[in-house]
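Asker: got a structure for you, letters missing:
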Ligand SMILES: Nc1ncnc2c1ncn2[C@@H]1O[C@H](COP(=O)(O)OP(=O)(O)OP(=O)(O)O)[C@@H](O)[C@H]1O
Ligand code: SF4
Ligand SMILES: [Mg+2]
């Protein structure tokens, strides 16, 4: 584990938005996370917990209020102008709504090759052949190069989104809820494609999703977020299994459908609602929903501690356990 190369590291990254009424809203609160070369890091948590805010900062679409974004060891959070543009090459995103992400006036080949042209990596004469190569990578016929996005299905458009994001051969591919706008059987095909590409090309990927079953199907490691905080980092696919487990992760696990995405099964969700991110409770952010809450949980925010290899939890339930002394 010690030899794993860190592609990207977020260090104490905080993002505070001002709402229209001027109130501060902390969307990310000192989030620290590493993404290692060749892994798929899942980022899971309920709607509004700050997943997109985090990855938008990682992709330099948003600037942190404080903290550092280290890309291969260099802080890129405050880069400006051309230096920022050049860095964007290395981190590419696939978005939730493939339809909204494309210009209706551009042909698919121009959409896919736009970034290659912007960075002068191919000439106009090379666009068609390059687009066809990238289309075949995402298992679409080459003749789609001359289509428009409106003439394609949602799943096909998402394949184009993946081809476009991979065109620059980025060091990190970020997928933000890439399947949630698609119907279930198309979701499965897109997930299978991402899994295949990840294996074949050893892509480093961050997969953001509120569906923990889906994250479990693709991720090597998962960061569980709650109200702007990372509350657990779980190694392996068994999120929420085993004795060491954050109460929120366990609740999330119990609320999933099934790993096969069987939507006919009942959903057991956590009973009460998450508080507003404008009113995050003092102490542990999960305390108003936690059956294990003690006085200490109201007074002191638990720190993320490494309790086993690759396994970090922020919860006072485990305060008596010694911190794991080896490599993360
Ligand atoms: N530009 C903004 N201005 C003000 N508040 C914002 C802004 N962007 C996000 N927020 C707020 O920050 C919090 C986190 O939002 P974010 O989009 O990161 O959540 P998410 O986990 O991606 O949710 P979802 O699963 O619904 O996509 C939310 O309360 C959201 O309303
Ligand atoms: S710190 Fe306390 S309130 Fe928070 S999850 Fe752990 S036991 Fe529950
Ligand atoms: Mg989001």
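Answerer: Sure thing, it's come through. In this text, all values refer to a predicted model and were calculated from it rather than measured experimentally. Residues are numbered from 1 along each chain as shown. Ligands and ions are numbered 1, 2, ... in the order given.
Asker: switch to C-alpha atoms for all contacts and neighbour counts from now on
Answerer: Fine.
Asker: what is whichever strand or helix holds residue 197 packed up against?
Answerer: Per DSSP states H and E: residue 197 is located in helix 184-201. With contacts taken as 3 or more C-alpha pairs under 8 Å, 6 or more residues apart in numbering; DSSP states H and E, helix 184-201 sits against helix 154-166.
Asker: close to ligand 2: what parts of the protein are there?
Answerer: Contact residues (C-alpha under 6 Å from any ligand atom) of the chain with ligand 2: 247, 284, 286-287, 290, 292-294, 297, 302, 315-317.
Asker: if we go to 5 Å?
Answerer: Residues of the chain lying close to ligand 2 (C-alpha under 5 Å from any ligand atom) are 284, 287, 290, 292, 293, 297, 315, 316, 317.
Asker: okay, and residue 207 sits in which element?
Answerer: Residue 207 belongs to strand 205-209, assigned by DSSP H and E.
Asker: what residue lies at the spatial centre of this structure?
Answerer: residue 208 (2.9 Å; C-alpha atoms, centre = their mean).
Asker: spatially nearest residue to the closest residue to ligand 2 within the stretch 151-300 of the chain (excluding sequence neighbours)?
Answerer: Of all residues in the stretch 151-300 of the chain, residue 287 sits closest to ligand 2, with a separation of 3.6 Å (C-alpha to the nearest ligand atom). Computed as C-alpha to C-alpha, 6 or more residues apart in numbering, the closest residue to residue 287 that is not its neighbour in sequence is residue 293, at 5.7 Å.
Asker: just checking, that neighbour is part of a helix?
Answerer: No: counting by DSSP: H, G, I helix; E, B strand; the rest coil, residue 293 falls outside a helix, being coil.
Asker: my read: it touches residue 283, true?
Answerer: No: using C-alpha atoms under 8 Å, residue 293 is not in contact with residue 283, being 10.4 Å away.
Asker: Provide the secondary structure category for residue 216.
Answerer: helix.
Asker: now do the contacts for it.
Answerer: Residues in contact with residue 216 (C-alpha atoms under 8 Å, 6 or more residues apart in numbering) are 42, 222, 237, 238, 239, 259.
Asker: please report how far the closest residue to the first one other than its chain neighbours lies from residue 83.
Answerer: Sequence neighbours aside, residue 222 is the residue nearest to residue 42 in space, at 4.3 Å (criterion: C-alpha to C-alpha, 6+ apart). Shown here: residue 222 relative to residue 83, a distance of 31 Å by C-alpha to C-alpha, to the nearest Å.
Asker: which one's more surrounded, the two?
Answerer: When neighbours are counted by other C-alpha atoms under 10 Å, residue 222 and residue 83 differ, and residue 222 comes out ahead with 27 against 11.
Asker: quick one, phi psi at that one?
Answerer: Main-chain dihedrals, residue 222, degrees, to the nearest 10: phi -130, psi 130.
Asker: surely it is in contact with residue 230?
Answerer: No: with contact defined as C-alpha under 8 Å, residue 222 does not reach residue 230; the gap is 10.1 Å.
Asker: returning to what we had before: check which residues of the helix holding residue 197 are buried.
Answerer: Of the residues in helix 184-201, 186, 187, 188, 190, 191, 193, 194, 195, 197, 198 count as buried by neighbour count, 16 or more other C-alpha atoms under 10 Å.
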